[in-house]
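In: dropping the sequence and predicted coords here.
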Amino acid sequence: MPVDQLLPFALGLLSASALYTIAALAGRVVRCRQERQRLNAYARLYGVPPYFLDESICIRKRILDAGKAVMNKAFKWVRLYLGIARVPEICEASTGKRDFHDYSVHKGGTGWPAHFYTYRCWNCGKEFEI
């Protein structure tokens, strides 16, 4: 996929997962508060100390953790693909027109740079992996 089409695609993925997470949280936060209020009402009714629902076992905390995991995974792929577009090093054989390595073709194929392939710079001949 060309880099100019990648950013809108990635942003669409992120917004879809964010909307899903927000929709899930909207109902769960209210339920968590209702659970806490109901348990404390029973505690007052029966004369026992109030029960404070711990955040670590709260449904809201579990949903937040799941949402963070989804977003971290999505951001990992965005960072990975945006990192492909950046050229990591300055080429030693620069002629002034290009300061960076030109590695548009990897061994065994052509196209956009991808991770875990060996590339050869067209200017200096240096081989390296992305």
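Out: Arrived safely, thanks for sending.

In: against residue 127, how distant is residue 120?
Out: As defined by C-beta to C-beta, to the nearest Å, residue 120 lies at a distance of 5 Å from residue 127. C-beta coordinates here come from the backbone N, C-alpha and C atoms, glycine included.

In: likewise for residue 44?
Out: The spacing between residue 44 and residue 127, counted by C-beta to C-beta, is 73 Å.

In: domain-wise, how is the protein divided?
Out: For the chain, whose domains are defined here by automatic domain parsing, the residue ranges read 1-86, 88-130.

In: quick one: least confident helix or strand in the protein?
Out: The least trusted helix or strand in the chain, going by mean pLDDT, DSSP states H and E, turns out to be helix 3-46, with a mean of 65.

In: rewinding a little: quick one: which of residue 120 and residue 127 has more around it?
Out: residue 120 (16 against 11; other C-beta atoms under 10 Å).

In: using the three-state scheme, assign residue 71.
Out: Residue 71 carries the three-state label helix when classified by DSSP: H, G, I helix; E, B strand; the rest coil.

In: could you measure from it over to residue 65?
Out: Residue 71 is 11 Å from residue 65, by C-beta to C-beta.

In: the more surrounded of the two?
Out: For the pair residue 71 and residue 65, the greater number of neighbours falls to residue 71 (14 against 10), based on other C-beta under 10 Å.
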